Structure formats: structure tokens, C-alpha cells
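Peer 1: give me a model of this one.
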Amino acid sequence: MDDTKLLKRYAAGDEQAFQELMDRYRDSVYAFLRRFLNRSDLIEDVFQETFLQLFVSRDTFDVSRPLRPWLFTIAANKAKDALRRMQRNEVAQLGNMFDSEESTIDDVVNALDHDERMPYDDLIRDERAASVKRVISRMPAKLREIIVLAYFHKFPYAEIAQMLDIPIGTVKSRLHTAVGRFAEDWEAATMCEMAN
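Peer 2: Sure thing, here's the model as predicted:
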């Protein structure tokens with residue numbers, strides 16, 4: 001059964017249809033979020049928020065449009081929101097540390113040097129894949145988003161443009177910039193690894 005029929009069934013009150021949609025997209029949305037966020041502590045929450053949004057939006061979804069780009073748009077927007085919240089919290093915590101009379105300069109330096117990223121998922125064992133992931137995770141959100149959608153999820157330009165609400169020309173331009181940035185960052189990371 002295609003997505004449109006399942007959405008229509010779900011809109012009519014058939015919650016089994018929602019479960020079928022969730023089963024259909026669970027793995028691809030999770031993989032997208034894993035690559036986009038690169039933070040194990042955020043992935044589960046954003047994943048649940050994405051499907052919750054689908055669950056509560058059944059009456060507003062335009063069944064004449066494909067579900068997949070809409071669902072990935074929700075996931076991307078929820079991921080961006082989570083990253084913004086995380087950055088605000090980290091800045092606030094760092095600000096509190098600077099304001100604290102109990103903290104020494106060594107405490108502040110150690111906090112800045114400390115890497116709080118979670119270990120890579122068990123699925124990513126290959127060292128080259130881990131290196132690619134590290135390089136992509138350090139890219140600005142707009143570039144990371146476009147490269148993940150285009151290369152890892154193989155969305156066509158038109159769907160990416162629709163998902164991000166930008167013109168196709170902007171998609172191509174950002175993708176070109178993202179690929180160039182990736183190449184530069186990859187070369188720098190490779191040189192750094194060889195030096196160590």
C-alpha cells in the first residue's frame with residue numbers, strides 16, 4: 001500500500017496505518033538524524049519528536065504531495081531546533097562557569113578542551129566511515145544538511161528544494177559549496193592524522 005493510502009486511512013482514524021508508515025520510514029529517518037546530529041544524546045528525542053509531529057499533523061497533511069520529503073523536512077527542522085537548544089545550554093553553562101568565583105582558569109580551560117560527543121554507533125566500525133562522519137559533523141548546519149540529504153539519502157534536487165523551502169539553484173550552489181568544503185576539511189583531517 002502506498003503512502004497516500006496509508007495517510008488517508010490514518011486520517012480516517014486507522015492507527016495501524018500510522019504504525020505502517022512509521023515502520024516504513026523508521027530506519028531511514030533514524031539514519032538521517034544520526035548523520036545530521038552526530039550526537040547520540042539528541043537522536044532519540046528528535047526521532048520521537050519527528051514521528052509525534054507526523055502523528056498530530058494527520059489532518060493538515062496534503063495527501064496530494066509525497067510523504068517522504070515532508071517527513072524529512074520535519075526531521076531536519078526538529079534536528080536544527082535541538083542543536084540550537086543544545087548550543088544555548090552549552091553557552092549558558094560556560095557563561096555560568098566564567099561567572100563562578102569557585103572556578104579557576106584551569107577549570108575553564110579543561111571544560112573547553114573536553115569533548116562531550118558520544119562514541120560512534122556500533123554500526124559505524126570502519127575507520128574511513130568514522131573519519132567521513134567527523135568531517136561532516138564539523139561542517140556548518142546548512143552545508144551538513146544538504147550533503148546528508150543529497151549524498152546519503154539521495155534525494156533529488158527538486159525534493160531537497162521543497163524540503164528546505166529554497167530554489168533549486170540554491171540547492172545546487174549549497175551542494176557545490178558543501179562538497180568543496182568537505183574536500184578541504186577531508187584533506188586537512190588526513191594531513192593531521194598523518195602528522196600524528
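Peer 1: tell me where this protein is predicted with low confidence.
Peer 2: Low-confidence segments of the chain, defined by pLDDT under 70, span residues 89-126, 128, 193-194, 196.
Peer 1: let's see that with 80 instead.
Peer 2: Filtered on pLDDT under 80, the chain yields the residue ranges 38-39, 58-59, 61, 63, 86-133, 189-196.
Peer 1: how close does the most centrally placed residue in the chain get to residue 19?
Peer 2: The centre of the chain sits closest to residue 36, judged by CA atoms, centre = their mean, with a distance of 2.6 Å. According to CB to CB, to the nearest Å, residue 36 stands 25 Å off from residue 19. (Glycine included, C-beta is placed from N, CA and C.)
Peer 1: tell me how far stretch 182-196 lies from the chain's centre.
Peer 2: Mean-position distance between stretch 182-196 and its chain equals 23 Å (CA atoms, centre = their mean, to the nearest Å).
Peer 1: buried ones in that stretch?
Peer 2: For stretch 182-196, a neighbour-count test (16 or more other CB atoms under 10 Å) marks 182, 185 as buried.
Peer 1: ok, now which ones touch the closest residue to residue 3 other than its chain neighbours?
Peer 2: Spatial nearest neighbour of residue 3, excluding adjacent residues (CB to CB, 6 or more residues apart in numbering): residue 67 at 4.1 Å. By CB atoms under 8 Å, 6 or more residues apart in numbering, the contact set of residue 67 is 3-4, 7, 21, 25, 61.
Peer 1: dump the residues you listed to JSON lines, plus distance to residue 40.
Peer 2: Below are the contacts of residue 67 laid out as JSON lines (distance: CB to CB, whole Å):
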{"residue": "3", "distance to residue 40": "29"}
{"residue": "4", "distance to residue 40": "34"}
{"residue": "7", "distance to residue 40": "31"}
{"residue": "21", "distance to residue 40": "25"}
{"residue": "25", "distance to residue 40": "20"}
{"residue": "61", "distance to residue 40": "30"}
